[in-house]
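Q: quick one, what's the 3D model for this:
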Amino acid sequence: MNINKSHGAAVDFVITVTLLFIAYLLSGWLLPFTGAENNSALVFDLAVVLISLLTEGYIYGILASVISTVCINYYFMVPYQEFNLTSTGYPVAIVSMLTIALIVCTLTARIKQHARIAVEREKKTKELYEINSKLEKEKSVMELEAAKAAIRSNILMAVSHDLRTPLTAISGSASVILDQGPSGCSDENLKLVKDIKEDAEWLTIMVENILSVTKLKDRDMSLTMKTEILDEILGNSIQKTKKRFPDCSIELFMPEEILIVPMDSLLIQQVLLNLMENAIRHSASSKPLEVSASRAGDQTLIAVRDYGKGLPKEILRQISEQKPVVVDRKGDSYRGMGIGLSVCQSILRAHGSCLYAENPEDGGARFYFYLNLEKEESLYGSEAENFDCGR
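A: As a prediction, this is how the structure comes out:
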């Protein structure tokens, strides 16, 4: 920056010297034609104006004014090549010329400064206009996205409502037929009715899952946080799962102490239902499913464990990186797993938690997550452990 200033000062000095020298030559050339009544003052005033316009600040214009006054008195006023302040009118002329030169210099410098300020203001105005245009465009895009989200949410709510009613009716009708037993219905037809009932229940869960994910992503769903006794939540979830899958075997492991957890109980039950359903459908194991809860500092660890074939590496990687689970479907072997796990991730994220998964060494798959315990329920003086998604 100092180099640029030095370069600018050198240029201004060269301009000042050059213009004063040209004014001197021009006045000397005019002197034989004008004699004592020469126009050197006008020539040097013009040089002062040009110097003020072409240089920065006031210093070179003022310097040029002083030099011009001295030069005119010495070279172009009788007696030539002598300083003369005694002749009649000379002092007034000298002072007047110096004053005029200084005024012209000052006015010229101010005009140039105002012009520079006007250019800067115009530049800033243009920048502000461009910023405002960008903000207007971003605002329009945000409004459009918000409108799309609202439309998508309304469509999904309408579709889910229209789907849930017939699906409930189909499932209920199939249950009535199954309750009547084999009388008047062949074994093959009973199997078909059973499949209809299972598919209807599965579609009902899928509709609920899709609706929950959409609401959470669009932030239309606010959590209803209440303090709940954890073993009641786990027990209710297991009962609902057994009602849907009567042949399944589920074991619950709870600590002796009562764990009280702030949560949205309906959403956390949806997480547990999805995890247990995935284990029952996809583990291909006849061993009991294990649901457990335990204290981890000021948090509780909740896990769902099966002893089946385990999870594919791609699903484990997606969950460990906290990415939405996308299942590479091979037939219907993993039908519904992707959306179910994505729902779990969204619900737990809304609770400030994360979903984790692993394949234990003794086989099967284990899903688990952490929830904060109620602060007043902290019965032990142990230091709280913090669990995050980078764990």
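Q: and stretch 229-240, what's buried?
A: Residues of stretch 229-240 classed as buried by neighbour count (16 or more other C-beta atoms under 10 Å): Leu230, Ile233, Leu234, Ser237, Ile238. From N, CA and C alone the C-beta is placed, and that goes for glycine too.
Q: so how far is Pro312 from the third one?
A: Applying C-beta to C-beta, to the nearest Å, one obtains 27 Å for the distance of Leu234 from Pro312.
Q: repeat that for Pro288.
A: In terms of C-beta to C-beta, Pro288 sits 23 Å off from Pro312.
Q: quick one, which of those two is more surrounded?
A: Pro312 (16 against 13; other C-beta atoms under 10 Å).
Q: pLDDT value on that one, please?
A: At Pro312, the model reports a pLDDT of 88.
Q: next: Leu275.
A: 92.
Q: tell me which other helices or strands the helix or strand harbouring it touches.
A: Per DSSP states H and E, Leu275 falls inside helix 265-282. If contacts are counted by 3 or more C-beta pairs under 8 Å, 6 or more residues apart in numbering; DSSP states H and E, helix 265-282 sits against helix 187-217, helix 230-244, strand 289-296, strand 299-306, helix 337-350, strand 365-372.
Q: I'd like the average pLDDT over whatever helix or strand Leu107 lives in.
A: Using DSSP H and E, Leu107 sits in helix 90-179. Helix 90-179 carries an average pLDDT of 76.
Q: repeat that for stretch 252-271.
A: Computed over stretch 252-271, the average pLDDT equals 91.
Q: what's the span of it from first residue to last?
A: 16 Å (C-alpha to C-alpha, to the nearest Å).
Q: likewise for stretch 288-307?
A: So stretch 288-307: terminal residues 8 Å apart, C-alpha to C-alpha.
Q: list the buried ones in it?
A: So for stretch 288-307, counting by 16+ other C-beta under 10 Å, buried means 289-293, 295-307.
Q: skip the chain neighbours and tell me the closest residue to Leu371.
A: Val261 (5.0 Å; C-beta to C-beta, 6 or more residues apart in numbering).
Q: and Cys344, by the same measure?
A: Nearest to Cys344 is Val271, by C-beta to C-beta, 6+ apart, at 4.7 Å.
Q: what's the spacing between that neighbour and Phe21?
A: For Val271 relative to Phe21 (C-beta to C-beta), the value is 90 Å.
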